[in-house]
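Peer 1: Generate coordinates for the sequence data below:
(chains A, B, C and D, ligands or ions: 4)
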Protein chains: 2
Amino acid sequence: MPCRKGCGPQWWHGKVKDCGYRITAGREAIIEALSSTHDHLSAEDVYARIHDKYPNVGLTTIYRTLDMLVNLGLVFKFDFGDGKARYELTEGPKGAHHHHHLVCTGCKRVIDYTDFIDDEVELLRRTEKGLSDKYRFRIDNHLIQFYGTCTECLAK
Amino acid sequence: MPCRKGCGPQWWHGKVKDCGYRITAGREAIIEALSSTHDHLSAEDVYARIHDKYPNVGLTTIYRTLDMLVNLGLVFKFDFGDGKARYELTEGPKGAHHHHHLVCTGCKRVIDYTDFIDDEVELLRRTEKGLSDKYRFRIDNHLIQFYGTCTECLAK
DNA sequence: CTTATTTCTGGAAATGATTTCCATTAAACA
DNA sequence: TGTTTAATGGAAATCATTTCCAGAAATAAG
Ligand SMILES: [Mn+2]
Ligand SMILES: [Mn+2]
Ligand SMILES: [Zn+2]
Ligand SMILES: [Zn+2]
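Peer 2: Ligands and ions are numbered 1, 2, ... in the order given. Okay, the predicted model is just below:
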């Protein structure tokens, strides 16, 4: 049963509170915006999507919050080469939905893919193990992007 | 035998000329700077390393040239999250020396590694095949980076 | 080699994403 | 409810990168 004031505590509240951060309307709004799409949003994209419902959340807060969420590991920050950073939740209420990217260098379109070959996950695990042993490096995350040309751009 | 005026034509002249670009002192200098290190240089790093020997090569030219080289596929442009783009030759006079990166999110240090490359390359080949078939996407290149914490930062 | 054509160049100014500042607001918690 | 302290937003600053444009240099033509 949801608590009296609107919706109950969210899946991410724990992690944010545990790290000493407060739950605020702006932060709710920003995570809500990221949750409700698979798009790769820039800070201004988030601002635009929030502004109607939360007109008093400023762009500065968005940058600050996204930065915080990246540090907490709740959000991943990407650079697809168009001059602005893009953000994506690393996990949702239902858990992680890790994926990799295909980036078209022609039109800058980005395709998410999660249909890893079985071996892909296995090799990554082995590689991470080998690397962290050899370089005494604790690996938390990885970024894998393939660059090339999408169907539409190939047609031209 | 080198031609009369200084050193002979470089390994990259062909590709540059074939694309209709001219060989200039600035371009020589920039590629020379990139060739002589394994560091991940920013545009200003390149400027700094060139400036003594070529005081009349401006920063604008460096940006322009790096951009051109990226388009030609001679240089790879990276974002390691410190606010400036970093550049690296994709190949040298002796050919490609492909590698991947370990990025420390603490101190921003970047480690090149070529270990496990054989396994990875094999897997990548299969992955790229699968992806390009499924998404009708022509893959030209890939970016693989592992993020985490380096030995020095772990010590703290 | 000389001249003509066209690209390339540097420096100043513009741009635009992100950060910094700081006075004000609002979570958290007793 | 009151106190403490983190969070906020809007304006201004920052700073990597781009844009402009008149002059310089590379290549093509003669
Ligand atoms: Mn994605
Ligand atoms: Mn490298
Ligand atoms: Zn495309
Ligand atoms: Zn480190």
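
Peer 1: which ones are touching A:L41?
Peer 2: Contacts for A:L41 (Cβ atoms under 8 Å, 6 or more residues apart in numbering or on different chains) come out as A:33-34, A:49, A:86-88. C-betas here are computed from N, CA, C, even on glycine.

Peer 1: repeat for A:D52
Peer 2: Contacts of A:D52 (Cβ under 8 Å, 6+ apart): none.

Peer 1: Now do it against A:H38, distance only.
Peer 2: Computed as Cβ to Cβ, to the nearest Å, the A:D52 to A:H38 distance reads 21 Å.

Peer 1: now A:E88
Peer 2: 8 Å.

Peer 1: try A:T24
Peer 2: Remark: distance between A:T24 and A:H38 (Cβ to Cβ) = 25 Å.

Peer 1: Give me the residues contacting the longest helix anywhere in chain A.
Peer 2: If you go by DSSP state H, chain A has its longest helix at helix A:118-135. Helix A:118-135 has contacts (Cβ under 8 Å, 6+ apart) with A:137-139, A:142, B:102, B:111, B:113, B:115-116, B:119-120, B:123, B:126-127, B:146, B:148, B:150-151.

Peer 1: From those, keep the buried residues only.
Peer 2: Buried subset of these (neighbour count, 16 or more other Cβ atoms under 10 Å in any protein chain shown): A:137-139, A:142, B:102, B:111, B:113, B:116, B:120, B:123, B:127, B:146, B:148, B:150.

Peer 1: Now, those residues that are in helices?
Peer 2: Of those, the ones assigned to helices by DSSP H are B:120, B:123, B:127.

Peer 1: and the nearest residue to A:L89 once chain neighbours are set aside, how many neighbours does it have?
Peer 2: The shortest distance from A:L89 to any non-neighbouring residue, by Cβ to Cβ, 6 or more residues apart in numbering or on different chains, is to A:L34 (4.8 Å). By other Cβ atoms under 10 Å in any protein chain shown, 23 other residues sit near A:L34.

Peer 1: ok, now the one 3 residues further on?
Peer 2: For A:T37, the tally of surrounding residues (other Cβ under 10 Å) stands at 13.

Peer 1: sorry, back to before: would you mind naming the helix or strand containing the residue nearest to A:L89?
Peer 2: Using DSSP states H and E, A:L34 maps to helix A:25-35.

Peer 1: Does anything pack onto that helix? Which helices or strands?
Peer 2: Packing contacts for helix A:25-35, counted by 3 or more Cβ pairs under 8 Å, 6 or more residues apart in numbering or on different chains; DSSP states H and E, involve helix A:43-51, helix A:59-72, strand A:86-89.

Peer 1: 6 Å instead, please
Peer 2: Counting contacts by 3 or more Cβ pairs under 6 Å, 6 or more residues apart in numbering or on different chains; DSSP states H and E, helix A:25-35 packs against helix A:43-51, helix A:59-72.

Peer 1: From A:A29, how far out is A:S36?
Peer 2: In terms of Cβ to Cβ, A:S36 sits 11 Å off from A:A29.

Peer 1: Parallel or antiparallel, which strands does the worst-scoring helix or strand of chain A on mean pLDDT pair with?
Peer 2: Least confident helix or strand of chain A, by mean pLDDT, DSSP states H and E, is strand A:95-96 with a mean of 78. Applying DSSP bridges to the sheet, strand A:95-96 is found paired with strand A:91-92 (antiparallel).

Peer 1: Figure out how far the partner strand is from the centre of its chain.
Peer 2: Averaging C-alpha positions (Cα atoms, centre = their mean, to the nearest Å) puts strand A:91-92 9 Å from its chain's average.

Peer 1: what is the rounded mean pLDDT of stretch A:16-31?
Peer 2: If you average the pLDDT over stretch A:16-31, you get 97.
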